[in-house]
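S.K.: how does the following fold in three dimensions:
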Amino acid sequence: MDSNNSSFLKYILYSSLCILLLWACAAQGRLTGGDEDIDPPKVRIEKSTPNFQTNFFPNKIELEFDEFITLSNPLKEIAISPPLLKIPQFNARGKKIEIVFPEGEELKSDATYSINFGGAIKDLREGNVLKNYSYVFSTGDYLDSLSISGKVVDAFSKEPIEDVVVMLYDILSDSIIYKERPFYFAKTSKQGSFKINNIKNDSFRIFALTDQNLNYILDQEGESLAFLDSLIILTDSTNSQFQLELFEINFPPKIIETNVSPEGRIVLAFTQEIESIPDIQFSENLDYTSVIEKDSLRIWYDTTGISALQLYTLGDTLKIKPKKKKRKTPYSITIDKSKTPTQITGTDSFKLSFNYPIVNFEKDSIRLRDTSDVLVDFDATILKDRRTLAISARFKKDIPYNIEIPDSTIYSYNGITHDSLDTRFTVLGPEKLGTINITFEDIPSDSQIVFILLDKEEELFKTVVSSQKNQISIPNLIPKTYDFYLLEDTNKNGKWDTGDYTKKRQAEKIAKSQLEKLRENWELSTTISLSILNFENDEAKGK
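M.R.: Coordinates of the predicted model:
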């Protein structure tokens, strides 16, 4: 073998051996990326401005962590109590957070300050949150250590409310919430819960506020309020659990938005729900229909010959200019299935609901057929809301009916009509219906209680009950599960009323619950105790 071939073979053998060694090493130590980091950042105490200091008047606070961090939405997440007059700077760089107090900010003397970071502190790589880390210091000789906690719920629905500011005042004037910022505060979580720590031993007024302009003062329409009737006197033995019921402040409604659609529809959005249609006037003489939908008023009108007009309501003058934008598909009347039943009782008319108001219709074109395909004579009437057509006939029990509406039979404003429509329903006889009998217990002798039976959100039956009239019977009900409201009607006006802080009046007590499912040809007899309107601890719940 010549020397060249020998050298080549040696090179091949040496290269193969190196490759095998490298593969073996890789097989034993293959990179996997390690375990996922699920731990939140930790404060390095020895590198940070000491927590829980007394006689401390900081200009700047520095916090260092064991990994790179970021601050998420600090203005919303971070709460400083007592609140400062000016917003401090929160700077996050690398592994450090720097809190710079505003120049000229005078801290309260002998006060314990708490800086709660909520969910603001996260590690940079995985986004793990250091939840509710608090930095606490005192400008006096000691740290206050009392605390209160509780929950804020909607006074009507009893649902928890998030991002409500719960405020404690050591100035006990009734009007303090209109004038000054609180001594302590906290914000509610998604569950409506709150906790205020490091409170001094003292007497306080407590409020909860939807602080729309973030100034910790009740000064704006649209803000909601909760309050306790009595003072809180905090000591080591104080019951520190409270439930606050938030109600809308009863300002006169105002228009906050106007939307005009090409098909001749105006939507007015208000600052709150409206109970009745306000007085409306137009600069032109025109035909229109208006309907309330919670905090909005919908108005449909005839745009024929109208290029622009003015609408006058609630002291406002609104300029209305119909839009001329064309749609690829024309506006069309459809059946509102959420409001059109599939079953009715023998004493009812069949109410057919639509998405547009009815201006006119051709009754002779509509066909009502029974299950044998036989035509049935009927009367049809447009109801007051103008979006519902009531069909009345001598219905037979327990058979299905079908309504056929050929295209272009019903017209709304501006020539809006429809393609062919049809729907089916059944008339239930007595043996398919049920009766609900209710006996009410624990009614205070001087109280007026209103009972409202609901089918979903529709009010079916309403009556007043009292200690003298404590039994009701509701016949001819379609078998299903019904909800109900009970409210303590303190002013005896037959409806639920919100609170009024100027009169120190809480919102009226109300409770919503559900009855056992009603079955066919059955009488459901039940007892409802008025204790569901009472609270476990009236003082703790602001009643």
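
S.K.: name the element P479 belongs to?
M.R.: Following DSSP states H and E, there is no helix or strand that holds P479.

S.K.: what is the neighbour count of it?
M.R.: Using other C-beta atoms under 10 Å, P479 has 17 neighbouring residues. Any C-beta I mention is one placed from the backbone N, CA and C, and that applies to glycine too.

S.K.: what of F156?
M.R.: 18.

S.K.: check contacts around it.
M.R.: F247, W496, T498, A507, I510 (C-beta atoms under 8 Å, 6 or more residues apart in numbering).

S.K.: could you verify my assumption that the fourth one touches F247?
M.R.: Yes - counting by C-beta atoms under 8 Å, F247 is a contact partner of A507 at 4.1 Å.

S.K.: common neighbours of these two, please.
M.R.: With contacts taken as C-beta under 8 Å, 6+ apart, the residues that reach both A507 and F247 are A155, F156, T498, G499.

S.K.: show me the contacts for the first one.
M.R.: So that's A155. By C-beta under 8 Å, 6+ apart, the residues touching A155 are A226, E245, L246, F247, T498, G499, Q506, A507, I510.

S.K.: what's the spacing between the residue nearest in space to the middle of the chain and S420?
M.R.: For the chain, the residue whose C-alpha lies nearest the mean C-alpha position (C-alpha atoms, centre = their mean) is I161; its distance is 7.4 Å. In this structure, I161 lies at 47 Å from S420, with C-beta to C-beta, to the nearest Å as the measure.

S.K.: what of A393?
M.R.: From A393 over to S420 (counting by C-beta to C-beta), the distance is 21 Å.

S.K.: repeat that for I255.
M.R.: In this structure, I255 lies at 39 Å from S420, with C-beta to C-beta as the measure.

S.K.: Y501 too?
M.R.: 56 Å.

S.K.: between the two, point out the one with more neighbours.
M.R.: In this view Y501 and S420 are compared by other C-beta under 10 Å, and Y501 has more residues nearby, 19 against 10.

S.K.: next up, phi/psi of the more buried one, please.
M.R.: Reported as degrees, to the nearest 10, the phi and psi values for Y501 are phi -70, psi -30.

S.K.: show me what contacts it?
M.R.: Residues counted as contacts of Y501 (C-beta under 8 Å, 6+ apart) are I177, L225, F227, I249.

S.K.: residue ranges with poor pLDDT in the stretch 201-350 of the chain?
M.R.: Under the criterion pLDDT under 70, the flagged ranges of the stretch 201-350 of the chain are 237-239, 325.

S.K.: got any ranges where this structure has weak pLDDT?
M.R.: The model of the chain has pLDDT under 70 over residues 1-35, 237-239, 325, 535-543.

S.K.: how are the helices of it distributed by residue range?
M.R.: With DSSP state H as the definition, the chain shows helices at residue ranges 3-28, 74-77, 176-179.

S.K.: so what touches the second one?
M.R.: For helix 74-77, contacts defined as C-beta under 8 Å, 6+ apart pick out I87, F90, F117, G118, G119, A120, D163.

S.K.: likewise stretch 468-476?
M.R.: Stretch 468-476 is contacted by residues 345-347, 430, 433, 435-441, 443, 451, 453, 461, 463, 465 when judged by C-beta under 8 Å, 6+ apart.

S.K.: pull out the buried positions in that stretch.
M.R.: Residues of stretch 468-476 classed as buried: N470, I472, I474 (neighbour count, 16 or more other C-beta atoms under 10 Å).

S.K.: thinking again about what came up before, let me have the contacts of F156 in JSON lines, adding distance to N198 and neighbour count as columns.
M.R.: As requested, the contacts of F156 are exported to JSON lines (distance: C-beta to C-beta, whole Å; neighbours: other C-beta atoms under 10 Å):
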{"residue": "F247", "distance to N198": "29", "neighbour count": "21"}
{"residue": "W496", "distance to N198": "38", "neighbour count": "17"}
{"residue": "T498", "distance to N198": "34", "neighbour count": "18"}
{"residue": "A507", "distance to N198": "31", "neighbour count": "22"}
{"residue": "I510", "distance to N198": "36", "neighbour count": "21"}
